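Novice: Okay, here's the prediction I keep looking at, along with the sequence it came from:
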There are 2 protein chains.
Amino acid sequence: MVQHSILETLSGPLRKEVLSSLQSLHFEHGKILFRAGDPCQGLPLVLNGTVKVQMTGLSGHSIVLYRMGADDICTLSIGCLMTGDGFRAEAVVEEDAEVFMVPRGLFDRLMDQSADFRLGVMESYGRRLNDLMLLVEEVAFRRMDERLAHWLETRAVEGSIRITHQELAVELGTAREVVSRLLKELERQGKLRLSRGCISFVQ
Amino acid sequence: MVQHSILETLSGPLRKEVLSSLQSLHFEHGKILFRAGDPCQGLPLVLNGTVKVQMTGLSGHSIVLYRMGADDICTLSIGCLMTGDGFRAEAVVEEDAEVFMVPRGLFDRLMDQSADFRLGVMESYGRRLNDLMLLVEEVAFRRMDERLAHWLETRAVEGSIRITHQELAVELGTAREVVSRLLKELERQGKLRLSRGCISFVQ
DNA sequence: CGGCCTTGTGTGACTTTATCACTGAACCGC
DNA sequence: GCGGTTCAGTGATAAAGTCACACAAGGCCG
């Protein structure tokens, strides 16, 4: 059974060969897929779970750049694969993930032999580039209270979330104190209830 | 004569065909290559000159995302070409530029037939992704005075530069007043001399 | 159970950056 | 030389980041 849509587009024999040569790797929550400076071993195809990609500045502060989920391709790896440079960011598994690791040689062959594979890779690249451009815009021009509110809104469906202020600060690329103060203000307004490691949405 | 290194890697007949079907377009200083929302017409290969790519936030503020120079590929276009989405950013010619515009069909054929072309495109993508990641880090965590000083340092060789505070603010993604104040402080320290539309480096 | 340690949160004081609302200076074209 | 436009400077205020600490919640272990 094919487990990643980009492989489903491959012609019969090629797909068969790929599937027989690849084995899915299992990564648990908290596991590091790669660290800043690591050389790239191959192109990870994410089958399921979620992986966040974040980078740390000289100041020691970190920011989450984007997330990968089921059916994603870790496009960041391709550039490193091509140039031989190390990663600038690190990838941390959030929900347990299964990953196909496509080595350089096989990646080159797939790019050579499948137009659909190329298309999938290019589309993925385009999306990532757009994501990062939007992130730049957000970080440069949006107010932190709006960004925090927006982040919370997208998860509000769950009623409450388990996250520390520090982790939330990394999501937004700011300082823990800033998050604490903004959250406290939202609690004063009656929109949230705070407890250690947990944020509950009122109503 | 081949004018873009990525075309030099093509096999004889293919290169010949490409060069005969493409004509270089000339863009003058200030000309807009594409605007936010425009659909993508093809992949621009920059032969010479420089083009800056910038985006404007909802607030109306803009920030320069990256520059393209001789031998660059406008990788941003590929994603738009693939997905059919419009551009999120705009490209403005700084120094008069010549550009080959590779239409979708030809791009697909080159990707299909030349491993070196693919490699060039992938490398370019990787570099752009790295540039944007570094920009996120810079915008999120670096102090404005350091960023301004760094920007100025990289051009200090020229003795003086013609740029308005507003343009410099767009380079850094901040407000004009902030740039004015920081520059004034540097002038007070005797490091710069300011005049309308011009910054001179002392010594 | 109580003490101790680790991790997470709250907050005051202060600096840096952004925003708003102006003023005035420099240049351009008649 | 006059009037309009573009640039630059600046005070007041708000938002965000930094530093330094106090304290609270939960886990662990004797």
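Specialist: Cool, got the structure.

Novice: Might you list the low-confidence residue ranges for chain A?
Specialist: A:1-2 (pLDDT under 70).

Novice: can you tell me which residues contact the residue minimising distance to the centre of it?
Specialist: Centroid-nearest residue in chain A, with CA atoms, centre = their mean: residue A:67, separated by 2.0 Å. With contacts taken as CB atoms under 8 Å, 6 or more residues apart in numbering or on different chains, residue A:67 has the following neighbours: A:50, A:51, A:52, A:53, A:94. Bear in mind the C-beta positions are built from the backbone N, C-alpha and C, glycine included.

Novice: Can you tell me which of the residues you listed is nearest chain B?
Specialist: For the contacts of residue A:67, the closest approach to chain B (CB to the nearest CB) belongs to residue A:53, at 9.0 Å.

Novice: For the closest one, what is the enclosing helix or strand?
Specialist: Using DSSP states H and E, residue A:53 sits within strand A:43-56.

Novice: by contact count, what packs against that strand?
Specialist: Applying 3 or more CB pairs under 8 Å, 6 or more residues apart in numbering or on different chains; DSSP states H and E, we find strand A:43-56 packed against strand A:24-27, strand A:62-68, helix A:75-83, strand A:90-102, helix B:115-141.

Novice: export the shortest one as CSV, just CAs?
Specialist: Extracted as CSV, the C-alpha positions of strand A:24-27 are listed here (Å, rounded to 0.1, in the frame of the first residue of the first chain):
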residue,chain,number,x,y,z
SER,A,24,9.3,3.8,7.1
LEU,A,25,11.1,5.1,10.2
HIS,A,26,9.1,5.8,13.3
PHE,A,27,9.8,8.9,15.4
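
Novice: From the contact counts, what lies against it?
Specialist: If contacts are counted by 3+ CB pairs under 8 Å, 6+ apart, strand A:24-27 sits against strand A:43-56, strand A:90-102.

Novice: how does it look with 6 Å?
Specialist: Under the contact criterion of 3 or more CB pairs under 6 Å, 6 or more residues apart in numbering or on different chains; DSSP states H and E, strand A:24-27 touches strand A:90-102.

Novice: sorry, back to before: can you tell me which of the helices and strands packed on strand A:43-56 is nearest to DNA strand C?
Specialist: DNA strand C lies closest, by CB to the nearest atom of the strand, to one member of the helices and strands packed on strand A:43-56: helix B:115-141, at 8.2 Å.

Novice: The closest one near DNA strand C at all?
Specialist: No: using CB under 7 Å from any atom of the strand, helix B:115-141 never reaches DNA strand C; the gap is at least 8.2 Å.

Novice: The residue nearest to the centre of chain A bridge partners, please.
Specialist: The partner list for residue A:67 in beta bridges (DSSP bridges) reads residue A:52.

Novice: Distance check, it against residue B:142.
Specialist: Distance, residue A:67 to residue B:142, by CB to CB, to the nearest Å: 24 Å.

Novice: Up against DNA strand D, what does chain A have?
Specialist: Residues of chain A lying near DNA strand D (CB under 7 Å from any atom of the strand): A:59, A:61, A:143, A:144, A:145, A:174, A:175, A:177, A:178, A:182, A:195, A:196.

Novice: repeat that for 10 Å
Specialist: For chain A, the contact set with DNA strand D under CB under 10 Å from any atom of the strand comprises A:57, A:59-61, A:139, A:142-148, A:169, A:172-182, A:185, A:195-198.
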